[in-house]
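*Asks:* Sequence and predicted structure below; questions after.
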Amino acid sequence: MKDKLEMLMEEIKLASKARENAYIKYCNYSVGTCLTTKAGKRYVGCNVQNGGIQSICSERCAFCKAISEGEKEFDHIMIIGGPGGKDPEKTLPCGYCRQFMSEFVDKNFKVYTSYGDTVEEYTMKELLPYAFEI
Ligand code: ZN
């Protein structure tokens, strides 16, 4: 069985590879993510910008891919981002994505970001303590 660090390292690679596909014509900030389900299946995403207001962040890209495949239970997400073509920097979900993700995860869902030799871990509770709920 793989240990947690080994799994995170794999997810950093997958998210970094997805980041290479980011469509960043308008703001040159590329993000790749690797979303892992509770069953251990992984879905990657990248940001897809648009000249209108319809840009899709990497986090929502990964969630929509997974949900469209019938996934309902999510464990954590790895986020790798930074200026296009440059090394990653600390990248956390935007407010829109935090609210979007909160619809599908519990407060203990883990959000990771990695840059340099650092991996930081956050929970949804930390990132969005007062989500809008109906
Ligand atoms: Zn976002």
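*Replies:* Great, that's in hand.
*Asks:* what's stretch 54-74 in contact with?
*Replies:* The contact list for stretch 54-74, computed with C-beta atoms under 8 Å, 6 or more residues apart in numbering, reads 18-19, 22, 26, 31-39, 41, 43-50, 77, 79, 81, 93-94, 96-97, 100-101, 104-105, 109. Just so you know, the C-beta spots here come from the backbone N, C-alpha and C atoms, and that holds for glycine as well.
*Asks:* Would you map the strands across this protein?
*Replies:* 29-37, 42-46, 74-83, 110-115, 118-123 (DSSP state E).
*Asks:* Deepest in the core, which of those strands is it.
*Replies:* Mean neighbour count (mean count of other C-beta atoms under 10 Å) peaks for strand 29-37 among those, with a mean of 25.
*Asks:* Name every strand pairing with that one and say which way it goes.
*Replies:* strand 42-46 (antiparallel), strand 74-83 (antiparallel) (DSSP bridges).
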